[in-house]
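Engineer: what's the 3D shape of this:
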Amino acid sequence: MKLIIVDDDPLVCQSLKLLLGKEADLDVTGVAGNGEEAVALVDKQQPDVILMDIQMPVMDGIESTRLIKEKYPSIHVIMLTTFRDEKNIRLALQAGAEGYLLKSANVDNMADQIRAISAGISVLDTEVLKTIIMEPEVGQFEGLTDRELDIVELVAQGLSNKEIGKKLFLSDGTVRNMLSIVLDKLELRDRTQLAIAYWQRTGGRK
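Structural biologist: All right, here's what the predicted structure looks like:
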């Protein structure tokens, strides 16, 4: 899995490159010091996953993420930052980031989180989820069937389509089609936004 790291702190870049480079299935192919460099690097290397800081000179991580996702929607972006305020979280996810981790997170788990993102599973730091669910939005799922609500709940729990299919005795294709229908009904872009909407609706309680 090809990975690039984007951060204006060279020490952060080199530390993450060293730590994640020890994983047999992760290949850190490059680092960038700002969003503009990240866009250029992505054009050259076509990575699978990007670890992206938010506040950087020249171009910030949110704008860089938006540009990258518009051109390469299949590339996964994980925001890795110190910012846990609602504004930055929402802007990053709206830009297309599928994950949002804090730099205070345990680095030992980061490789697993990168693999999860690559498998289509949302990765959100616990503190980030707490921030997002402070203002629940109710009534958003009223038009969904019971089976569609089951799928929404399992997506919010971080399960992949294959795992959801096993639990609900559905084929991967059926789960994928139903998930697409749910996203269309709720006017959401992807499963990350769906998971956030679910936790907002429940206020963080299953």
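Engineer: only C-alpha atoms for contact and neighbour calcs from this point on.
Structural biologist: Noted.
Engineer: buried ones in the helix or strand hosting residue 17?
Structural biologist: The secondary structure element spanning residue 17 is helix 10-20 (assigned by DSSP states H and E). For helix 10-20, burial by neighbour count (16 or more other CA atoms under 10 Å) applies to 13, 16, 17, 20.
Engineer: and which of those residues is nearest to residue 39?
Structural biologist: Residue 39 has its nearest neighbour among the buried residues of helix 10-20 in residue 13, at 16.4 Å by CA to CA.
Engineer: how much space between the closest one and residue 177?
Structural biologist: As for residue 13, its distance to residue 177 is 39 Å (criterion: CA to CA, to the nearest Å).
Engineer: can you tell me the average pLDDT over the helix holding residue 17?
Structural biologist: Across helix 10-20, pLDDT averages out at 92.
Engineer: helices or strands next to the helix or strand following that helix in the packing?
Structural biologist: Following the chain from helix 10-20 toward its C-terminal end, the next helix or strand by DSSP H and E is strand 27-32. Judged by 3 or more CA pairs under 8 Å, 6 or more residues apart in numbering; DSSP states H and E, strand 27-32 is in contact with strand 2-6, helix 10-20, helix 35-45.
Engineer: what's next to stretch 17-33, contact-wise?
Structural biologist: Residues from elsewhere that reach stretch 17-33 (CA atoms under 8 Å, 6 or more residues apart in numbering): 1-10, 13, 38, 41, 45, 47, 56, 111.
Engineer: related to what we said a few turns ago, of the buried residues of helix 10-20, just say which sits nearest to residue 158.
Structural biologist: Here the nearest of the buried residues of helix 10-20 to residue 158, counting by CA to CA, is residue 20; it sits at 22.5 Å.
Engineer: isn't residue 1 up against residue 50?
Structural biologist: No. Contact criterion CA atoms under 8 Å: residue 1 and residue 50 do not qualify, at 10.8 Å.
Engineer: neighbour count: these two, which is higher?
Structural biologist: A direct count of neighbours by other CA atoms under 10 Å for residue 1 and residue 50 places residue 50 higher, at 26 against 14.
Engineer: in this protein, where is pLDDT below threshold?
Structural biologist: Scanning the chain for pLDDT under 70 picks out the ranges 105-108, 122, 125-140, 202-206.
Engineer: what packs against the biggest helix by length in it?
Structural biologist: When the chain is scanned for its longest helix (criterion: DSSP state H), the result is helix 172-186. Using 3+ CA pairs under 8 Å, 6+ apart as the contact definition, the elements that helix 172-186 packs against are helix 146-156, helix 161-168.
Engineer: sweet, I'm off.
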